[in-house]
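> got a predicted model here, sequence first, then my questions.
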Amino acid sequence: MLTEASAYLYLATAKRAYFSHVTILVPHSWAPDAAWSPATSELFSNADVIVQDPPASLARKRRSSGDTIAQHEKDPSPLSTPSPRTGWDGGQGTPPPGRHLSGASTRSYGGCGVAGVRINIFTDIFKPRRKYQGRLFVHEWAKFRWGVFEEFARDGEQQFYFSPTTGNLEAVRCNIHMVGRIYRVNPTTGRAELCHIVDPQTGMYDENCVFSPYTLGRYNDNITASIMDREFVPTVSKETKAVLEEYSSATTTAAITS
């Protein structure tokens, strides 16, 4: 994950930044390894990043939601595209509760430009079929190190707005050209349904409707922004590939026992 994140950060910052050294403090309960060094000044309480199991409340929600992993890799139909952030396959099953649950969170108490306290990485990010761990890490690192904010609407926030530019309802997103599906979860059946109806009084979709971008096929191939929006949308162009091939990681990872 960190090697992928370092390469992605190098690309995103126009070759200005990458992770040069990473120190990992492992629990004293782990079996020792001859390649590891004893901890000296490293403290768990001073860590920039902490890896932990998901909070119990979140784990219970996921178990009860019937959280699934996509079983197909074909071009998207309106409700059949995986959403890497949630793990929901977008089909006629029960999606997980919430739109941005998975993988990581960053604790911050300051405003724009104020560095955060720490990043919490949840162990479910390491599931075998979970994609783009490195991108998610850079997304969280940007919030932690530079005090920037996400560019998508979180739960409880306005998900859509009327755009005078396009004359349509648009999902809150960084790039207006990002396309995807708009769906809601039926409160009775718990199943996903496309949102078609606009309230004549508010001019908006149902308050439970959300936007989920296509991540398969060629629908969003030319979307280049933004890391702070939906970083899991695959947008690897020829130029991007060339930069990644040029990148040579100077990362040194040292495991240190506590």
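Arrived safely.
> strands of the stretch 1-150 of the chain, residue ranges please.
Secondary structure of the stretch 1-150 of the chain (DSSP state E, counting those that start in this stretch): strands located at 21-26, 37-38, 49-52, 104-107, 118-122.
> now do stretch 110-130: everything it contacts.
1, 47-54, 58, 62, 69-70, 84, 87, 102-109, 133, 136-137, 140-141, 143-149 (CB atoms under 8 Å, 6 or more residues apart in numbering). From N, CA and C alone the C-beta is placed, and that goes for glycine too.
> which ones among those lie within helices?
Counting by DSSP state H, the part of the contacts of stretch 110-130 found in helices is Leu58, Arg62, Gln133, Leu136, Phe137, Glu140, Trp141, Lys143, Phe144, Arg145, Trp146.
> how close does the closest residue to the third one other than its chain neighbours sit to Glu140?
The reference is to Gln133. Nearest residue to Gln133 in three dimensions, chain neighbours excluded: Met1, at 4.1 Å (CB to CB, 6 or more residues apart in numbering). The spacing between Met1 and Glu140, counted by CB to CB, to the nearest Å, is 11 Å.
> ok, these two, which is more surrounded?
Legend: neighbour count by other CB atoms under 10 Å for Met1 and Glu140, higher for Glu140 (23 against 16).
> where does this structure dip in pLDDT?
Low-confidence segments of the chain, defined by pLDDT under 70, span residues 56-102, 235-258.
> show me the domain layout of it.
Here the domain assignment for the chain is 1-54+103-151+228-258, 71-97+159-226, based on automatic domain parsing.
> surely Met178 and Ser226 touch.
No. Using CB atoms under 8 Å, Met178 makes no contact with Ser226, being 9.8 Å away.
> quick one, strands of the stretch 151-258 of the chain?
Assigned by DSSP E, counting those that start in this stretch, the strands in the stretch 151-258 of the chain fall at 160-163, 168-171, 180-185, 192-194, 210-213, 252-257.
> tell me what the fifth one is packed against?
What that stands for is strand 210-213. Packing partners of strand 210-213 (3 or more CB pairs under 8 Å, 6 or more residues apart in numbering; DSSP states H and E): strand 180-185.
> tabulate the CA atom coordinates of stretch 205-220 in CSV.
Output of stretch 205-220 as CSV, limited to C-alpha atoms (Å, rounded to 0.1, in the frame of the first residue of the first chain):
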residue,chain,number,x,y,z
TYR,A,205,-34.1,14.1,-6.1
ASP,A,206,-35.3,12.2,-3.0
GLU,A,207,-33.0,13.1,0.0
ASN,A,208,-31.7,9.5,0.1
CYS,A,209,-30.5,9.5,-3.5
VAL,A,210,-26.7,9.4,-3.9
PHE,A,211,-24.2,9.5,-6.8
SER,A,212,-21.8,6.7,-7.5
PRO,A,213,-19.4,7.0,-10.4
TYR,A,214,-18.7,4.3,-12.9
THR,A,215,-15.4,2.5,-12.2
LEU,A,216,-15.4,0.0,-15.0
GLY,A,217,-15.4,0.4,-18.8
ARG,A,218,-14.3,3.6,-20.5
TYR,A,219,-16.9,6.0,-19.1
ASN,A,220,-14.5,8.0,-16.9
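> and that stretch, which residues are buried?
For stretch 205-220, burial by neighbour count (16 or more other CB atoms under 10 Å) applies to Tyr205, Cys209, Val210, Phe211, Ser212, Pro213, Tyr214, Thr215, Leu216, Tyr219, Asn220.
> just grab the bridge partners of Ile24 for me.
Note on Ile24: beta-bridge partners Ala255, judged by DSSP bridges.
> what do you get for Asn120?
Per DSSP bridges, the residues bridged to Asn120 are Ile50, Ser105.
> from Gln52, how far out is it?
As judged by CB to CB, Asn120 and Gln52 stand 6 Å apart.
> when those two are compared, which one has more neighbours?
Using other CB under 10 Å, the more surrounded residue of Asn120 and Gln52 is Asn120, with 17 against 9.
> give me the distance between the more buried one and Asp48.
Asn120 is 11 Å from Asp48, where distance means CB to CB.
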